Structure formats: C-alpha cells, structure tokens
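# Make a model of this:
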Amino acid sequence: MAAVINVNGRINNERDAVISVLDHGFLYGEGIYEVVRTYGGRPFLFDRHLRRLRRSGLMIALHLPFTDAELAARVRDTIAALHGRGPRAARHEDVYVRILVTRGVGELSYDPASCPTPSLVIIVKPFVGHPPEVYERGVKVALVPIVRNHPSSVNPLIKSNNLLNNVLAAQEAFRRGAFDAIMRNHRGEIAECSISNLFIVKNGTVLTPPLEAGLLAGITREFVLEMAPEAGVTAGEAALRDADLLGADESFLTSSTQEIVPIVQVDDTPIGSGRPGPITRKLQALYRRKIQGLARWD
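The predicted structure follows:
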C-alpha cells in the first residue's frame, strides 16, 4: 500500500525514501518508535505516545532533539503529503503513523558518541483496520514457547525498533493459524502478545499482567484500566499463568491500532462460551465513544 515517508525532514514516496546503511538503527537496532492512528484526521492519545517515546529514549540514552510541537508539525506535514498525492475522495481518510527515532549515522562501533545526530523517520499510510468480524466474533491466539525478553537484558518497557523477539513469536503463531502470539516471561507467567497487551475477565473482574511481568506499558492498556470504572467494571493488575487464561470467562487484547479485540480461543481451548463476552463488549463500546473527545493533536 502506498505510503509517504519523512526522513529527517525530507518527504518522499516509499521507493525513494532512503536512510544510510551506517545508521545505528540499521546496524545495531538502536532506536525507538511509536505507532498512532487517526480518527477524523486527528491522532488518538497522541500526547501519551509522545511521553512514552521520550521515556523509551531515556532508557537507551537517546536524546530526542525536537519538541513535541515540532514533532507534531512534522507528522502533520507528512500526513498532508499523503493526502496531497491521493485522489480527492481519499483526503479525509484516516491514517497509520509510525514514528521512529534512531541513534543516527556513525562509525562501525557501539560507541554512541560516534553518532552526533539522531535520525527521525515518519511513515504515513492509509489506515486499514481489521474486518468487522474480528470484533464481532473474536479471534484465536496461540501460546508460544518464545520467552519474552528478560527486563535485565532488553527491557520490554523500551518500545524498541529491535523487534526480533516479537517477530519470532508472531511467526510461530501465524504457523498455527492464530491471530497473535501470547508470550510468557522467564518465570512462566503470561507477559503480553507479540503486538498487543492481554486481558482476561474472571468473575466480573478485568485483569492484565503487571509491568513487572516484563511487558510494554501499552497506551490502550493504560486507557482501558482508567476507563473500566466508568463502565461499571473492576479492573486491575495480577500475575497470570496459563491456567488463569484458559479458565477465564472472557479475554481480549488491546493496541492503539487494533483497539479492543475479543479472544475466543487459545490454541484448541475455547475461552468461556467461545464468543465475545458481555464485559468485553461493554469496554469496546465505551472505548469507541471516548475516541471523539480524545482524538486531538495537543
């Protein structure tokens, strides 16, 4: 699908956008990223994504040499370039935005001092969501043997461009015909999915693994925990194991681009009734009502 890409302020189509092979993001995976989508042309919870981007930068000693306002302006310029190249009917369609910051171009060395200027890449393409049946009928996921990175090695709290751990898990899930993979930590506790956070519902309570289990602090995960009381739902964190998931009444996954997706099967085991449950439905509906008020640039 056609995209426009902004590399350090230069906007090109996807064939002509280039970055140096000596960039440490390419050489060593030194970089961070965020993904947002727009609703009505405005990004959802954009301020939270920018805060997490800066937090990830601090965790790898990568200074972001721009203000939030400057980054927002570059994102708007890139979106405008995409709309300007498309047919008039497409100019108000929503988009997928991926923001990447790398260590930058430097020597063939691990020394960050050899990279004086970070690289900023913004990828924008038309947003294509899942078909309605994904949300109406739910999905199958797979428990995979790939262990989530130990927090003392590559901390999952860093939203890093280095996604090999996640990719290997996702590949295993796809081989099994699953929508996503569920990964455990080094203690055998459930951590998260390969591209999303995981929740279960048991006896009317919504639970998700704590950050200490080794997972990304998802923006949608955080938002679901905040809005659950408004839906009359008790929600919190708890260490979860396979038996908790397989014995759950309901389950769902969350991410910024996927919103709230019901999980109705784990490998060969149905979850609850094998259909999206009432609490998942309630949270889906509230989330979508919240979008209009919280999709904005500031």
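# all contacts plus neighbour counts: C-alpha atoms, from now on.
Noted.
# so Pro262, which of the three states?
For Pro262, the assignment made with DSSP: H, G, I helix; E, B strand; the rest coil gives strand.
# any idea which element Phe66 lies in?
Under DSSP states H and E, no helix or strand contains Phe66.
# pretty sure Val101 contacts Ile123?
No: with contact defined as CA atoms under 8 Å, Val101 does not count as touching Ile123 (11.6 Å).
# For beta bridges, what are the partners of the residue most central in space within the chain?
Compute the mean C-alpha point of the chain, and by CA atoms, centre = their mean the closest residue is Ser255, 5.1 Å away. For Ser255, the beta-bridge partners under DSSP bridges are Glu259.
# Report the separation between it and Val128.
For Ser255, the distance to Val128 equals 14 Å [CA to CA, to the nearest Å].
# Next: Gly25.
Counting by CA to CA - Gly25 and Val128 are separated by 27 Å.
# neighbour count winner among those two?
Gly25 (24 against 12; other CA atoms under 10 Å).
# That one looks like it's in a helix, true?
Yes: under three-state DSSP, Gly25 falls within a helix.
# List the contacts of it.
Gly31, Thr102, Arg103, Gly104, Asn161 (CA atoms under 8 Å, 6 or more residues apart in numbering).
# For the residues you listed, which single residue is the most surrounded?
Arg103 (29 neighbours).
# Name the nearest residue to that one, ignoring sequence neighbours.
Distances taken as CA to CA, 6 or more residues apart in numbering put Pro118 closest to Arg103, at 4.8 Å, once the chain neighbours are dropped.
# Give me the residues contacting stretch 71-86.
3-6, 9, 11, 90-92, 95, 97, 122-125, 297.
# Tell me the one of these nearest Leu45?
Lowest distance from Leu45 to the contacts of stretch 71-86 (CA to CA) belongs to Trp297, with 8.3 Å.
# I'd like to know how far that closest one sits from Ala81.
Distance from Trp297 to Ala81, by CA to CA: 18 Å.
# one step back: drop anything exposed from the contacts of stretch 71-86.
3-6, 11, 91, 95, 97, 122-125, 297 (16 or more other CA atoms under 10 Å).
# what ranges do the helices span in the stretch 151-298 of the chain?
164-175, 219-227, 242-246, 278-294 (DSSP state H, counting those that start in this stretch).
# can you pull the contacts of Lys140?
Contacts of Lys140 (CA under 8 Å, 6+ apart): Ala178, Phe179, Asp180, Ile263, Val264, Gln265, Val266, Asp267.
# Just the ones in strands from the residues you listed, please.
Asp180, Ile263, Val264, Gln265, Val266 (DSSP state E).
# Which residues are in contact with Asn203?
Asp249.
# same question, Val101
Per CA under 8 Å, 6+ apart, neighbours of Val101: Gly31, Ile32, Tyr33, Leu64, Pro118, Ser119, Leu120, Val121.
# Likewise for Leu53?
Ile32, Tyr33, Glu34, Lys159.
# Adding distance to Leu216, neighbour count and pLDDT, write the ones in strands among the contacts of Lys140 out as JSON lines.
Listed next are these as JSON lines, based on distance: CA to CA, whole Å; neighbours: other CA atoms under 10 Å; pLDDT from 0 to 100:
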{"residue": "Asp180", "distance to Leu216": "16", "neighbour count": "26", "pLDDT": "98"}
{"residue": "Ile263", "distance to Leu216": "19", "neighbour count": "30", "pLDDT": "98"}
{"residue": "Val264", "distance to Leu216": "23", "neighbour count": "24", "pLDDT": "98"}
{"residue": "Gln265", "distance to Leu216": "23", "neighbour count": "22", "pLDDT": "98"}
{"residue": "Val266", "distance to Leu216": "21", "neighbour count": "22", "pLDDT": "98"}
